[in-house]
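Trainee: Sequence first, then the predicted structure, then my questions.
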Amino acid sequence: MSALFEIENLRVALPDFTRKPLFGPPPRNEILRDLSFTIGRGEAIGIVGESGSGKTTLGRTLVRLLEPSGGSIKFDGADISHLDDEAMAPYRRNLQVIFQNPLSSLNPRKTVAQIIAAPLRLHGVANGRQALADHAANALRMVGLSPDLGRRYPQELSGGQRQRVGIARAIALKPSFVLADEIVSGLDMSSQAQILDLLARLKEEMNLTLAFISHDLSVVRRLCERVMVMRQGEIVELRTCAEMFAGPEHPYTQQLLAAIPLPEIDPQWLSQT
Amino acid sequence: MTDALLEVDNLSAGLRGTPARLLRSVSLKVRPGEVHGLVGESGAGKSMIARAIFAILPRAIEIREGRVRLEGRDLLGMGDMARRRAAAQVAALIPQDPMTALNPSKRIEGQITERLIRIIGMGRTEARKHALELLDEVHLREPERVLRSYPHELSGGMRQRVLIAAAFAGRPRLIVADEPTTALDVTVQKQILRLIADMQQRHGTGLLFVTHNLGVVAKICQSVTVLYGGMVIEQASAAQLFASPQHAYTRALIAATPRYDRPGDSLLPVDAAVIEALRADVARADAAWNAGRRA
């Protein structure tokens, strides 16, 4: 069976408007440089790096919210690198995103049920009030929320509940691929653990393929089979979690790991670089 | 008790016009030069305690009972303005969000020297000289240029360093740091923690460190208070807390902190039974408190 994603020599350059001349196009900054990798079906891959390393740009390019400036992205055997909006439409259902900040990615004027139902209607998965309501209720149940919450607005929910709504919206379409971009970094420890548990369960139940972006390597280990460490738009290391945590090869990865504070006393930790 | 720098004694606070309490008889102490961690999940009341010290609680919250003493001086007996002035003479705050805590329309110089001029009573030239030294201490290059800058001209990491410099201005004996690294990624977090610890040790400052991250607590605190629902769950030295946590909730919080060094170890969300027991404890404490008030 072929891989779900095949990425070859991917390059992305984005316009830099801070340096735009008065006339003419702004210069472009190379954000991703020559990335090649695959993501297998049913695999969870972690994408890790500091802010500015290009991990979010990579995620957005995978689901074609951005267009590559070089190289190719094959999804399920089809080259989607340069498809226009219309040609992308049939693929969108299978390429879902859970965003970092649920408060800004959930419409405050819509109820939770309306938020989850919108993409279902758009993709023609369900039609008619009753069918949409049933689908939304079902999605809420799958993420461990009571269907009664469907009548509430996002700002009435707790941070952990809101992030579950974001997950419910993404999985309601039964996609084959979900991109999760820093979805636990705003949550406290016990909500983090709950959300990670939930994603692990959904991945098994729905046979999801998952790309999980985070700046925290220890969060990735909980969920992913492989980890990709990025720095300045390049891949530093891409290995299985077991290998990576048994002993990271690259000094940069070692440095990233050493920066995570473990819950145990270590007077030396602060002075180590 | 004169050995404590900060002493919060039996502090209860609640929403004005309702009987419910948000802080439930909280007591804690920070000794001179000590780093004390205040830990809990969102909504536990950590920031409320920090704000009560500086008399900057939202209007809707009133203090019902208890004492807050700074260097033995009782703050709660005074009016709000007097309290703020008294607190500012001893203590300073490092706020959570470096993006919103600085005034965007004022140059950095004024924001660092404000405390020096208004509270300590320095002249402008002296305050400026002191500010330059502080910027140098927090490893900001070109301190002269930084002083002349507006906040939007600096990066997030630089702003956080400016806020740390401003907090240490005038040598406060106590600094309250309210989740100062939560918005940062792990490598920058470590740099900022190291900086705060260095400054704290060099000046012998007492530090009340508010956070939800037990990993961070283990690395920089000597003693810890664990909060749940505005109630103190466990208080111990950091060594003791991590070696043998006494309360089931503390153990659950430690287990919920991700560890990259233990493959196969699964992260455990806090057990429903533990939360159930905590809620019962909170209800029992409230019933006893209400009974005491009526008597």
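Mentor: The structure has been received and is ready for your questions.

Trainee: Strands of the stretch 51-200 of chain A, start to end?
Mentor: Ranges of strands in the stretch 51-200 of chain A, per DSSP state E, counting those that start in this stretch, are A:70-75, A:78-79, A:95-98, A:177-181.

Trainee: cool, the stretch 51-200 of chain B as well?
Mentor: Along the stretch 51-200 of chain B, the stretches classed as strands by DSSP E, counting those that start in this stretch are B:61-70, B:73-74, B:91-94, B:174-178.

Trainee: what pairs with the second one, and is each one parallel or antiparallel?
Mentor: According to DSSP bridges, strand B:73-74 has the following sheet partners: strand B:61-70 (antiparallel).

Trainee: Am I right that residue B:239 is in contact with residue A:265?
Mentor: Yes: using Cβ atoms under 8 Å, residue B:239 is in contact with residue A:265, at 5.7 Å. All C-beta spots, glycine's among them, are computed from the backbone N, C-alpha and C.

Trainee: neighbour count winner among those two?
Mentor: For residue B:239 versus residue A:265, the count of surrounding residues by other Cβ atoms under 10 Å in any protein chain shown is larger for residue A:265: 17 against 13.

Trainee: Surely that one is within a strand?
Mentor: No: per DSSP: H, G, I helix; E, B strand; the rest coil, residue A:265 lies outside any strand segment and is coil.

Trainee: Which among the strands of the stretch 51-200 of chain B is found nearest to residue B:42?
Mentor: strand B:174-178 (12.9 Å; Cβ to Cβ).

Trainee: quick one: average confidence on the closest one?
Mentor: Averaging pLDDT along strand B:174-178 yields 95.

Trainee: Where is the longest helix in chain B?
Mentor: Criterion DSSP state H: the longest helix present in chain B is helix B:272-294.

Trainee: Which residues of the stretch 1-150 of chain A lie near chain B?
Mentor: Taking Cβ under 8 Å from any Cβ of the partner chain as the criterion, the stretch 1-150 of chain A approaches chain B at residues A:50-51.

Trainee: quick revisit: which one of the strands of the stretch 51-200 of chain A is the most hemmed in?
Mentor: strand A:177-181 (a mean of 24; mean count of other Cβ atoms under 10 Å in any protein chain shown).

Trainee: tell me the angle of it relative to strand A:70-75?
Mentor: Strand A:177-181 runs at 120 degrees relative to strand A:70-75, counting by axes from the mean of the first three to the mean of the last three Cα atoms, to 10 degrees.

Trainee: What strands flank strand A:177-181, and is each parallel or antiparallel?
Mentor: Partners of strand A:177-181 in its sheet, by DSSP bridges: strand A:95-98 (parallel), strand A:209-214 (parallel).

Trainee: Is there a neighbour count for residue B:107? I'd like the number.
Mentor: Using other Cβ under 10 Å, residue B:107 has 15 other residues around it.

Trainee: hmm, back to that, contacts (any at all) between chain A and the longest helix of chain B?
Mentor: No: in terms of Cβ under 8 Å from any Cβ, no part of helix B:272-294 sits within range of chain A; the closest distance is 9.0 Å.

Trainee: Could you pull up the contacting residues of residue 224?
Mentor: Picked chain A for this. The contact partners of residue A:224, by Cβ atoms under 8 Å, 6 or more residues apart in numbering or on different chains, come to A:44-46, A:210, A:212, A:241.

Trainee: Chain B, not that one
Mentor: Residue B:224 sits in contact with B:36-39, B:217, B:234-238, B:241, where contact means Cβ under 8 Å, 6+ apart.

Trainee: and which of the residues you listed is nearest chain A?
Mentor: For those, the residue nearest chain A by Cβ to the nearest Cβ is residue B:238; the value is 6.2 Å.

Trainee: Grab the longest helix from chain A for me.
Mentor: Identified as the longest helix of chain A according to DSSP H is helix A:189-206.

Trainee: thinking again about what came up before, name the residues that touch the longest helix of chain B?
Mentor: B:12, B:19-21, B:24-25, B:228-231, B:233, B:248-249, B:252.

Trainee: and that helix with strand B:61-70, angle?
Mentor: For helix B:272-294 against strand B:61-70, the angle by the same axes, to 10 degrees is 90 degrees.

Trainee: what's the offset of helix B:272-294 from the middle of its chain?
Mentor: Taking the mean of its C-alpha atoms, helix B:272-294 sits 26 Å from the chain's own mean (Cα atoms, centre = their mean, to the nearest Å).

Trainee: now the angle from that helix to helix A:189-206?
Mentor: Per the same axes, to 10 degrees, the angle that helix B:272-294 makes with helix A:189-206 is 150 degrees.
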